[in-house]
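Visitor: just the structure for this:
(one chain, ligands or ions: 2)
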Amino acid sequence: MKPERAPLRPGATLGVLGGGQLGRMFVQAAQTLGYTCLVLDPDASSPAGWVAHHHLACDYLDPQGLSELAARADAVTTEFENVPAAALQTLAASRTVAPAAAAVAICQDRAAEKAHFQRAGVPCAPHALITDAASLAGVADTLLPGILKTARMGYDGKGQARVTTRAELATAWARLGQVPCVLEQLLPLQAELSVIVARGADGQLVHFVPQRNLHRDGILAVTWAPAWGVSEALLDEAQQRARTLAAAMDYVGVLCVEFFVADGQLLANEMAPRPHNSGHHTIDACDVSQFELQVRALAGLPLSPPRQHSPAVMLNLLGELWQDGEPDWAGVLALPGVHLHLYGKTEPRAGRKMGHLTVTAATAADAEATARLAAQRLGLAPW
Ligand code: ATP
Ligand code: MG
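Guide: Numbering: from 1, shown residues only. Ligands and ions are numbered 1, 2, ... in the order given. Model (predicted):
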């Protein structure tokens, strides 16, 4: 355990790199605790920029922007993993930064991430790194069919290709620009889980119960918390593995670990060094949310172990929902336990995360029934 640092007082300024919806919900949680917020994002009308006290509209590596952020913020976090680790490094010279650049660097590179899983003794999918013609030719037959993923900058299934043959693999790698990639064996998924943990600078570690996730076209569509249809033993293992992965990189902040369940085994998929879409229900269903824990970890406040007080189902609201105009919010808000979150984005492009809806209820069965009704009223595909 490290010596504790004095918590930041209310009124102190928390900076966040990135102005998306995760930054917005961080800002809202920080403001509830009395902090002033400063968002750095190049987009002049970003979801977090709109709600923060201050917005610096500049590039993440703009030296002047970074020095202004360092001058005005007492501590800085990030809301997405593709923020250049170099920006965090620069800020860390004069300010508290959490998570640290080194941890973000691991999470933003699938090769480094897989190496971290192996170092920490956490099983993951069979895979190979492809960096040149020789590593492409040397791929084991057992990895096909597989999924080729760019090592960096992927999200929501972008930068990925499913391949069955060696010829398809070569074509897909060329199409991805022959950048460093990871080829993973295509697994017969029984379920997908994620676990969110928060760790303080003093080593205190807390976790949310695992949630079950349904992805469509590589994008999260539905989250159930708590997870269903997976043994208690595997859920316990997921919690333990997530905690191990955070501690093994001396992580400070909120970390999400995504897992696959395949052939009865738990395999780590990837980590996000920030709150996660699959943890949005924690705002409405838990006594402390993933965003509040991000604020507490950054501000040096105690982390309270979260307690989920209501079962929840979360539905993502993607841009296509707006194709015939504004969805019927009144129709879903007429249902009990529906919490609507819209991110203030004005252009509803297909696949773009515009908002989410969390249904809470006294029982998981009730939450499920209401979520299905809400999906039906909105015209979301049933599951
Ligand atoms: P995110 O938005 O979570 O950052 P991503 O683009 O980084 O997504 P992954 O999580 O690697 O991508 O993959 C997206 C989805 O594709 C997974 O949630 C899973 O449904 C499917 N998938 C990925 N890898 C595999 C695999 N090896 N076998 C089977 N399905 C997979
Ligand atoms: Mg993922």
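Visitor: tell me if stretch 82-91 is near ligand 1.
Guide: No. Between stretch 82-91 and ligand 1, judged by CB under 6 Å from any ligand atom, nothing touches; the nearest distance is 10.1 Å. Any C-beta I mention is one placed from the backbone N, CA and C, and that applies to glycine too.
Visitor: and that stretch, what's buried?
Guide: V83, P84, A85, A87, L88, T90, L91 (16 or more other CB atoms under 10 Å).
Visitor: for the first one, helix, strand, or coil?
Guide: Going back to what we said before, that points to V83. coil (DSSP: H, G, I helix; E, B strand; the rest coil).
Visitor: cool, and the last one?
Guide: Counting by three-state DSSP, the backbone at L91 sits in helix.
Visitor: isn't it up against V76?
Guide: Yes. Using CB atoms under 8 Å, L91 makes contact with V76 at a distance of 5.1 Å.
Visitor: shared neighbours, those two?
Guide: Residues touching both L91 and V76 by CB atoms under 8 Å, 6 or more residues apart in numbering: G15, L69, A70, V97.
Visitor: pick the one among the residues you listed closest to T164.
Guide: Distance to T164 across these (CB to CB) is lowest for V97, with 43.3 Å.
Visitor: what bridges to the closest one?
Guide: Going by DSSP bridges, V97 is paired in beta bridges with V76.
Visitor: summarise which helices and strands the lowest-mean-pLDDT helix or strand in the chain is packed against.
Guide: Lowest by mean pLDDT, DSSP states H and E among the helices and strands of the chain is helix 85-92, with a mean of 90. The helices and strands touching helix 85-92, judged by 3 or more CB pairs under 8 Å, 6 or more residues apart in numbering; DSSP states H and E, are strand 13-17, helix 63-72, strand 75-78, helix 101-107.
Visitor: ok, and the closest non-adjacent residue to Q21?
Guide: Closest residue in space to Q21, ignoring its immediate chain neighbours: Y343 at 4.1 Å, by CB to CB, 6 or more residues apart in numbering.
Visitor: and the gap between the one you found and ligand 1?
Guide: Distance of Y343 to ligand 1, computed by CB to the nearest ligand atom, to the nearest Å: 16 Å.
Visitor: okay, that residue: pLDDT?
Guide: Here, the pLDDT recorded for Y343 equals 98.
Visitor: mind listing what's buried in the lengthiest helix in the chain?
Guide: Among all segments of the chain classified by DSSP state H, the helix with the greatest residue count is helix 232-248. Neighbour-count burial for helix 232-248 flags L234, L235, E237, A238, Q239, R241, A242, R243, T244, L245, A246 (criterion: 16+ other CB under 10 Å).
Visitor: next one: stretch 96-110
Guide: So for stretch 96-110, counting by 16+ other CB under 10 Å, buried means 96-101, 103-110.
Visitor: which parts of this structure sit against ligand 1?
Guide: When proximity is defined by CB under 6 Å from any ligand atom, the chain lies next to ligand 1 at 125, 147, 149, 154-158, 184, 186-187, 189, 192, 215, 218, 258, 269-270.
Visitor: show the buried residues in those.
Guide: Buried members of these, scored by 16+ other CB under 10 Å, are 125, 147, 149, 154, 156, 184, 186-187, 192, 215, 258, 269-270.
Visitor: quickly find the element holding E168.
Guide: Element membership for E168, per DSSP states H and E: helix 166-175.
Visitor: identify the residues contacting that helix?
Guide: By CB under 8 Å, 6+ apart, helix 166-175 touches I130, L136, V139, L144, G146, L148, A161, V163, C181, L183.
Visitor: and G218, what does it touch?
Guide: Counting by CB under 8 Å, 6+ apart, G218 touches D156, G157, K158, Q160.
Visitor: hmm, try it at 10 Å
Guide: I147, G154, Y155, D156, G157, K158, G159, Q160, G351 (CB atoms under 10 Å, 6 or more residues apart in numbering).
Visitor: skipping adjacent residues, who's closest to the most centrally placed residue in the chain in space?
Guide: With distances taken as CA atoms, centre = their mean, the residue of the chain nearest its centroid is H276 (2.8 Å). Leaving aside its sequence neighbours, H276 sits nearest to C256 (CB to CB, 6+ apart; 3.4 Å).
Visitor: before I go, just wanted to say thanks for your time.
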